[in-house]
Every structure is written in structure tokens, then in C-alpha cells.
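Chemist: predicted model follows, preceded by the sequence.
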Amino acid sequence: MSLILRLGCFRGNDLIEPNSLVLVGVINNPRDLEIARLLGWYRIPLRTAPKIVAVDYLAFYQTGAFGDEKWRIQYVAPVRGHELTTRGELLKTEPDHPRAKEEYFKIQIGPLERLPQAILAETWRRITFLYTTGEYLIRATTVNDLIVQSDERQLLWQALRERAESQYGSQEMPDIDLPQDILEVLLGIKEGNEKYGNDD
């Protein structure tokens with residue numbers, strides 16, 4: 001039985017609320033998708049991690065390693081929690097990996113759900129992370145459709161800040177309106193054809 005048939009099916013509004021916070025993360029190879037499906041976790045290197053990982057859902061962007069299913073988002077999963085550990089603790093079969101001792105976020109997730117329609121990359125090819133909302137995810141047909149509009153970016157950043165503060169009691173992020181170019185960096189937004197990616 002194929003991986004696709006073993007996964008659940010996303011039912012849009014039945015699963016995700018419009019105001020849910022969603023982090024799009026990269027899945028570099030089919031093995032990592034299997035880890036997410038079978039073991040219920042996803043890893044992000046601390047050195048390249050987005051500012052806030054306390055979100056409601058992860059959406060998985062599949063790279064060129066996925067053959068006919070490359071450059072798209074097909075699966076989403078609810079986030080159950082996260083912890084900081086090392087790559088070596090996460091992948092015990094790779095103790096000699098060059099980054100084995102580096103710190104990683106281990107994001108615990110619920111069951112993977114398949115979107116009714118894949119969100120295609122079009123001109124986007126390499127992604128490290130991107131914040132969006134449930135509303136944008138439900139409506140999207142392309143990765144560009146996930147980009148929160150400029151007039152809503154301050155609201156998304158405020159929601160992310162509040163989530164971080166409620167989870168960690170952190171006051172590190174100032175409560176001020178940020179310039180659009182800074183917001184784009186913080187939210188993972190790279191307009192146009194600029195390519196960027198994760199090296200792990």
C-alpha cells in the first residue's frame with residue numbers, strides 16, 4: 001500500500017480553524033515524511049529555526065527529492081508540542097553525522113492529513129519556513145497564495161508574539177509595528193523568484 005493511501009484525508013474547515021497559526025516547513029526526503037507519519041515528529045535545526053515554533057499546525061513542503069510529488073505541499077499535521085534536543089538523539093542511527101551534536105527543535109505532531117488539492121510551488125522552489133494562517137491554507141492552490149497580505153502581516157506577527165509569550169513568558173519581541181521588510185523576514189516571506197532553503 002502506498003504512503004498516500006495510508007494517510008488520512010484533510011477535510012478543510014472540519015480540521016483547521018481560519019485563525020489557526022500554520023508554519024510551513026520543508027521535508028527534504030521521503031524518509032523524513034515517514035518519520036513524521038510513523039513517529040509523530042519533525043525536526044528543525046536551531047541555528048536556522050524560525051523565531052517562533054509554537055504554532056497550531058505544520059504544513060510540509062516537499063522538495064525535489066519527491067519525484068512526481070515534488071515542489072508542493074500535500075500534508076498538514078496538528079502540532080502537539082516541542083522540545084530542544086540534538087540531532088544525534090533524534091536520529092540515533094546516524095551518530096557520526098557532522099551535525100549530530102547540534103541542537104534541534106523536535107516538533108511533536110498529530111496524524112498527517114492529506115490536503116484535498118496539493119498546494120503547488122510554481123515559481124517557488126526552495127523554502128525554509130513560512131508562517132500563514134488556516135484561512136490562507138484552506139484557500140491556497142499555490143505557495144504564493146499562502147503569503148499573508150501586507151495589511152494583515154502585523155496581525156499575524158502579533159498573534160505569533162502572543163503565542164510565544166503565553167508559552168514561554170517571553171518578552172524578547174517588542175510590541176511595536178515593524179517595517180514591512182522586517183516583517184517579511186520574520187514571517188519567512190520572500191516575494192518573487194528568490195530561492196532559499198534548508199541544508200538539513
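Modeler: The structure has been received and is ready for your questions.
Chemist: how far is whichever strand in the chain runs longest from where the chain is centred?
Modeler: Assignment by DSSP state E gives strand 72-86 as the longest strand of the chain. On the basis of CA atoms, centre = their mean, to the nearest Å, strand 72-86 is displaced by 7 Å from the centre of the chain it belongs to.
Chemist: ranges for the helices of the protein?
Modeler: Along the chain, counting by DSSP state H, helices occupy 3-6, 30-39, 87-90, 134-139, 153-168, 180-187.
Chemist: contact partners for Phe66?
Modeler: Ile27, Asn29, Pro30, Arg72 (CB atoms under 8 Å, 6 or more residues apart in numbering). C-beta coordinates here come from the backbone N, C-alpha and C atoms, glycine included.
Chemist: any chance of the residues you listed in JSON lines, plus neighbour count?
Modeler: JSON lines is the format used below for the contacts of Phe66 (neighbours: other CB atoms under 10 Å):
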{"residue": "Ile27", "neighbour count": "23"}
{"residue": "Asn29", "neighbour count": "13"}
{"residue": "Pro30", "neighbour count": "14"}
{"residue": "Arg72", "neighbour count": "22"}
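Chemist: out of those, who's nearest Phe129?
Modeler: Closest to Phe129 out of the contacts of Phe66 is Ile27 (12.2 Å), distances taken as CB to CB.
Chemist: the closest one contacts Ile35, doesn't it?
Modeler: No: contact criterion CB atoms under 8 Å: Ile27 and Ile35 do not qualify, at 9.4 Å.
Chemist: identify the contacts common to the two.
Modeler: Common neighbours of Ile27 and Ile35 (CB under 8 Å, 6+ apart) are Tyr42.
Chemist: which secondary element of the chain has the worst mean pLDDT?
Modeler: helix 3-6 (a mean of 32; mean pLDDT, DSSP states H and E).
Chemist: now for the contacts of Phe66, which pair is the farthest apart?
Modeler: Asn29 and Arg72 (14.7 Å).
Chemist: quick one: low-confidence residue ranges for the protein.
Modeler: 1-15, 124-125, 167-183, 186, 190-200 (pLDDT under 70).
Chemist: hmm, try it at 90
Modeler: Applying pLDDT under 90 to the chain flags residues 1-16, 50-52, 122-129, 147-200.
Chemist: could you give the number of residues near Tyr104?
Modeler: Using other CB atoms under 10 Å as the criterion, Tyr104 is surrounded by 24 other residues.
Chemist: from the contacts of Phe66, which single one is nearest Ala140?
Modeler: Arg72 (10.9 Å).
Chemist: my guess is that closest one meets Phe60, correct?
Modeler: No: counting by CB under 8 Å, Arg72 does not reach Phe60; the two are 9.5 Å apart.
Chemist: got the contact list for Ser160?
Modeler: Quick fix: residue 160 is Leu, not Ser. Residues in contact with Leu160 (CB under 8 Å, 6+ apart) are Leu21, Lys51, Ile52, Val55, Tyr131.
Chemist: if we go to 7 Å?
Modeler: By CB atoms under 7 Å, 6 or more residues apart in numbering, the contact set of Leu160 is Leu21, Ile52, Tyr131.
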